[in-house]
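Colleague: please find the sequence and the predicted model below.
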Amino acid sequence: MPMRGRTIILAVVSMAAAIGIAAVYYPRAPARTAWQGYAEADYVKIGPTQQGLLTAVNVVRGGEVEVGTKLFAQDETADRAARDQAARQLQQAKDQLANLESESKPTEIDQAEANLTDARATVERTKVDLERALTLVKDGAVTMQTLDQRRADFRSATARVAAMEAALAQARAPMGRAGEIKAQRAGVEAAQAALEMAEWRLSQRDVSSPVAGRVADVLARPGETMGAGAPVVSLLPPGNIFVRFFVPEVELGRIHRGDPVRLDCDGCRPGIAATISFVSPQAEYTPPVIYSEESRAKLVYLIEARPSPGEAALFNPGQPVSVSLAAEGAQP
């Protein structure tokens, strides 16, 4: 064999040997394990608290809402009438209580005071007549019969003063008895509670958003009669989006609740951070065929990971996502 040919063969053999040695002493880093999953969401479905006719829907699918945004309204005719009736009944109960707690009319009190003054004056007059009769009977100027009459007049006048004092106290006292007043006060409180309930029921006919987010769907239209709790609007707050993926049993030991993971999807920036929030305690889930064709017959464990609220808004429900452990993603 010519010298040149042998030189080429030796060079090829040396190169192959070098590659083999490099493969032995410098093995390739293991490929990062990625599990297939998809974005999912916890929707907030808003419905009325009571049955009624839907009169307006103020949002559209795909729109954004803030806390307090008016979502929809129901017919409020019956509730408004009930509120007005409760308000009138409360006022009636208050008027009845005020009447029971009030004194007599001013003219009646004035008359009672005048009667008492007259009775006291009569006492003074009969007292003077009695004292004079006591003096004159000693001189024989009046008879004992006259003295007895003066004593009877004084006792009668004194009794009349006591009666007039009682009449004045009665005129100044509340017209109702204590038991009646107590019962009427309870009636006022009950009427107040009924009014508050009627006002609450009326306020529930206009429904506002309790959260900020996107209108995922409008499930009913004006003119429909909605039952209590039946959803009218479905909302998707940004922080309610998470990722579900499926892990075979042999790899389950690598994943724990609270572990950081990386999320990757088509068109997303690489390595979006998330945290494992749920690990299924039982192997009772099978992955959807569209996401894991080769493992559809195997039981796997469902895992959920949640990105931060700001990052969660980058995903759309149903979007395919690849998930890997953050520690593996940090390897060179």
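Modeller: All right, it came through fine.
Colleague: and residue 130, what element?
Modeller: helix 106-139 (DSSP states H and E).
Colleague: could you list the buried residues of that helix?
Modeller: 109, 112, 115, 116, 119, 120, 122, 123, 126, 129, 130, 133 (16 or more other Cβ atoms under 10 Å). Heads up, the C-betas are built off the backbone N, CA and C, glycines and all.
Colleague: in this structure the third one contacts residue 166, no?
Modeller: Meaning residue 115. No. Using Cβ atoms under 8 Å, residue 115 is not in contact with residue 166, being 11.0 Å away.
Colleague: hang on, the earlier thing: average pLDDT for the helix holding residue 130?
Modeller: Averaging pLDDT along helix 106-139 yields 82.
Colleague: the helix or strand following that helix packs against which elements?
Modeller: Downstream of helix 106-139, the first helix or strand assigned by DSSP H and E is helix 144-172. If you count contacts as 3 or more Cβ pairs under 8 Å, 6 or more residues apart in numbering; DSSP states H and E, helix 144-172 packs onto helix 106-139.
Colleague: what's stretch 181-194 in contact with?
Modeller: 86, 89, 90, 92, 93, 94, 96, 97, 100, 101, 174, 176 (Cβ atoms under 8 Å, 6 or more residues apart in numbering).
Colleague: measure the second one to residue 100 for me?
Modeller: Applying Cβ to Cβ, to the nearest Å, the value for residue 89 to residue 100 is 17 Å.
Colleague: picking that back up, show me the contacts of stretch 181-194 that map onto helices.
Modeller: If you go by DSSP state H, the contacts of stretch 181-194 have 86, 89, 90, 92, 93, 94, 96, 97, 100, 101 in helices.
Colleague: tabulate those (JSON lines), appending neighbour count and distance to residue 197.
Modeller: Formatted as JSON lines, the ones in helices among the contacts of stretch 181-194 follow (neighbours: other Cβ atoms under 10 Å; distance: Cβ to Cβ, whole Å):
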{"residue": "86", "neighbour count": "21", "distance to residue 197": "8"}
{"residue": "89", "neighbour count": "17", "distance to residue 197": "12"}
{"residue": "90", "neighbour count": "21", "distance to residue 197": "12"}
{"residue": "92", "neighbour count": "13", "distance to residue 197": "17"}
{"residue": "93", "neighbour count": "20", "distance to residue 197": "15"}
{"residue": "94", "neighbour count": "16", "distance to residue 197": "18"}
{"residue": "96", "neighbour count": "15", "distance to residue 197": "21"}
{"residue": "97", "neighbour count": "19", "distance to residue 197": "20"}
{"residue": "100", "neighbour count": "18", "distance to residue 197": "25"}
{"residue": "101", "neighbour count": "14", "distance to residue 197": "26"}
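Colleague: which one of the residues you listed is nearest residue 235?
Modeller: Distance ranking of the ones in helices among the contacts of stretch 181-194 against residue 235, using Cβ to Cβ, places residue 86 first at 32.9 Å.
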